[in-house]
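**Q** Mind folding the following:
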Amino acid sequence: AYVAAGLARRWGPSPMQVITFPVAQLHMRLTAMRASQKDFENAMNQVKLLQKDPGNEVKLKLYALYKQATEGPCNMPKPGVFDLINKAKWDAWNALGSLPKETARQNYVDLVSSLSSSSKSSNQVEPRADRKPPGYETLVVTSEDGITKIMLNRPTKKNAMNTQMYHEIMLALEAASKDDSSITVLTGNGDYYSSGNDLTNFTDIPSGGAEEKAKNSAILLRNFVGCFIDFPKPLIAMVNGPAVGISVTTLGLFDAVYATDRATFHTPFSHLGQSPEGCSSYTFPKIMSSSKATEMLIFGKKLTAREACAQGLVTEVFPDSTFQKEVWTRLKAYAKLPPN
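**A** I've put the predicted structure just below:
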């Protein structure tokens, strides 16, 4: 972390230009109802009218369902490991297996209908955190009661981390290291902590080609991880929902990690032909043992919040209904401790 249905511009039957990792695991329900071809065509037209981008994970679902409904089970060769976008699309479609065309068509119609309903609701009430303060486009940064809070703020993209967010997190951490706060908290806006890397990071190829892109990305990642390693104050993660990829691997660099019981922790690097980052190949074996780290980082096992806590990656797990209240009460008490 992840299209025919105009996924870059109109989510209709043209190829997607922009998608975001992680690849969706599609477990669509069978239903006795069957949408007609007219219903299906109306749904494709309805997608074009959505006023907000539904997020790239949803676009993958739309793509997969469209292909399944029109062509049946995946019949394309699997793309190479470095063709990340087409591989994510292939994985999404292939995950549907032998789902009947009629069921895929109905699920596509149902998904578009739910998107249209949620789009109307979101147009009536804009989430407060989406009103970005000057200086940041992908974050909301606030300081209160001795605590600096850095909130990842791309909720419609499941807080996928694009290049701009990388730079803004580094700037926010640098500012927090010099302000009057005692502790710094990193969390996410919406139902995800972060879905990991935005795959659009890999589509902007400079004139120097892939080699230059790889070199620039390595420098960016080194500087990004260095900001966590060198941060001079207690750094706490509030994992408010699922976490994927680099949002998981960097948790080993935090001083404490609090999670809602709704959170999951997934590092699908082998699945994507990537290697673990964020110093996780060093920190995870020390935190949870070599065998447990291998199971997670190499074999891609997804951990629940309580499993992550049992393995030492998470400090404590809280019920989702009381997560914010309980953790913030604790953090405010921590902020009153002597700073040195």
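**Q** which stretches of the stretch 201-340 of the chain have low pLDDT?
**A** The model of the stretch 201-340 of the chain has pLDDT under 70 over residues 201-206, 340.
**Q** show me where it has helices.
**A** Counting by DSSP state H, counting those that start in this stretch, the stretch 201-340 of the chain has helices at residues 209-229, 246-249, 269-272, 280-288, 290-297, 305-310, 323-335.
**Q** now those in a markdown table, with mean neighbour count and distance to residue 43?
**A** For every residue, glycine as well, the C-beta is placed using N, CA and C. Below are those laid out as a markdown table (neighbours: other CB atoms under 10 Å; distance: least, CB to CB, whole Å):
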| stretch | mean neighbour count | distance to residue 43 |
| --- | --- | --- |
| helix 209-229 | 14 | 37 |
| helix 246-249 | 26 | 32 |
| helix 269-272 | 19 | 30 |
| helix 280-288 | 18 | 41 |
| helix 290-297 | 17 | 38 |
| helix 305-310 | 19 | 35 |
| helix 323-335 | 15 | 36 |
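**Q** quick check: domain ranges of this structure?
**A** Split into domains by automatic domain parsing, the chain comes to 37-124, 128-335.
**Q** Find the centremost residue of this structure, please.
**A** residue 195 (1.0 Å; CA atoms, centre = their mean).
**Q** Which of the three states applies to the closest residue to residue 86 other than its chain neighbours?
**A** Distances taken as CB to CB, 6 or more residues apart in numbering place residue 79 nearest to residue 86, at 4.1 Å, with adjacent residues excluded. State at residue 79, reduced to three classes by DSSP: H, G, I helix; E, B strand; the rest coil: coil.
**Q** Show the model's pLDDT score for residue 79.
**A** On the pLDDT scale, residue 79 is placed at 82.
**Q** which ones are touching it?
**A** Listed by CB atoms under 8 Å, 6 or more residues apart in numbering, the contact set of residue 79 reads 86, 87, 90.
**Q** Mind doing that once more with 10 Å?
**A** Neighbouring residues of residue 79 by CB atoms under 10 Å, 6 or more residues apart in numbering: 85, 86, 87, 88, 89, 90, 91.
**Q** What count of nearby residues applies to the residue lying closest to residue 264 once chain neighbours are set aside?
**A** Spatially, and ignoring its direct neighbours in sequence, residue 264 is nearest to residue 242 (4.7 Å; CB to CB, 6+ apart). For residue 242, the tally of surrounding residues (other CB atoms under 10 Å) stands at 25.
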